[in-house]
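Requesting a structural model of the entry that follows:
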Amino acid sequence: MTSIKPRNLSFDLGSALAAEWNDDDWFRTAFFNSMSILFPYGEKSFIDSVRAHEAYVRDESLREAVRGFMAQEYVHRREHQRFNERLCELRGYDLDYLEGAIRGDAKTLQDMDPLFWLATTVAYEHLTATIAGQLLKQDGWIENANSDVAQVWRWHAVEEIEHKSVAFDVYKAAGGTQGMLRKAMVLMSWEFLVRYQLRSLLHMYRRDKPPFWRTVGQAMRFLFARGGLIRGNWTHYWKFFRKDFHPNDIDDTIVLDRAIDLYGLAH
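Numbering: from 1, shown residues only. Prediction:
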């Protein structure tokens, strides 16, 4: 298992979020901004769902990994809440509206079958780790971004990869099945792409009013070009549906070690 190193970092982004911080590209900027909106309530749900099943964890190394997972997710939640509040202050977005869907769904998940709740965390951890791996491999996504904002995403990506198997291993220890995981992934894929990302992007678009056709072109390149979000992650996404899938089947060791060294994230 990859070493899980909680990094208690804090980021002062100043006024960087007021502009198209990601290479003057409205769509790429807004996509990452909208993804940040998910994290404060999402990370809390992830922590709580794993904590609810800690009693099933007998292996001491997994217990230690769970502690590292929770510590990392706690800092993610804190820093993205600051990110989101500053973003909405500078750009006039309605944070209460943006958080509304994820806040309501997080409460709904807590009221469902506890094991399915944990399965949704496993699905989300696969989505975020897949995106994180592609971000670190395909640094062009943020290569020309504001350096301070880019460091937030590189740090988060590194830690998502480090703890990508923890929720899965707890789920298996609690007796979870691959069939339930597949159902959770179908639901969470829809929630992530449509209910959360599209909803937030439309809100941001209405507030910012960027040129329509230029924005469409930016979206098509980011999503569907070689190395883009959809095209670049499709293979890894579908591995989740294999009968014998485990997150560590996707070996990110080289890209992880490179990123930790290159971006000063060893501690």
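
Next, give phi and psi for Ala145.
The phi/psi pair for Ala145 (degrees, to the nearest 10) reads phi -80, psi 160.

For beta bridges, what are the partners of it?
Ala145 forms beta bridges with Asn22, as assigned by DSSP bridges.

so how many other residues sit close to it?
Ala145: 24 surrounding residues under other CB atoms under 10 Å. Yep, even glycine has a C-beta here, placed from its N, CA and C like the rest.

mind listing what it touches?
Contact partners of Ala145, counting by CB atoms under 8 Å, 6 or more residues apart in numbering, are 21-23, 153.

Would you mind listing which of those residues are buried?
Among the contacts of Ala145, the ones that count as buried by 16 or more other CB atoms under 10 Å are 21-23, 153.

could you dump those to JSON lines with distance to Phe46 and pLDDT?
Shown next, in JSON lines, are the buried ones among the contacts of Ala145 (distance: CB to CB, whole Å; pLDDT from 0 to 100):
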{"residue": "Trp21", "distance to Phe46": "26", "pLDDT": "98"}
{"residue": "Asn22", "distance to Phe46": "25", "pLDDT": "97"}
{"residue": "Asp23", "distance to Phe46": "30", "pLDDT": "95"}
{"residue": "Trp153", "distance to Phe46": "18", "pLDDT": "97"}
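
out of those residues, what pair is the most spread apart?
Across the buried ones among the contacts of Ala145, the longest distance by CB to CB is 13.0 Å; it joins Asp23 and Trp153.

Overlap in contacts, those two.
142, 145.

Can you tell me the centre-most residue of this protein?
Thr128 (3.8 Å; CA atoms, centre = their mean).

where do the helices sit along the stretch 101-250 of the chain?
Secondary structure of the stretch 101-250 of the chain by DSSP state H, counting those that start in this stretch: the helices cover 114-137, 147-162, 166-173, 178-190, 199-208, 212-224, 229-239.

Compare these and report which one is nearest to Arg58.
helix 166-173 (7.2 Å).

mean confidence score for that closest one?
The average pLDDT for helix 166-173 rounds to 98.

so it versus helix 178-190, what angle?
Going by axes from the mean of the first three to the mean of the last three CA atoms, to 10 degrees, helix 166-173 is angled at 150 degrees with respect to helix 178-190.

contacts for helix 166-173?
By CB under 8 Å, 6+ apart, helix 166-173 touches 4, 46, 49-50, 53-54, 56-59, 62, 65-66, 68-69, 115, 118-119, 121-122, 125-126, 181, 246-247.
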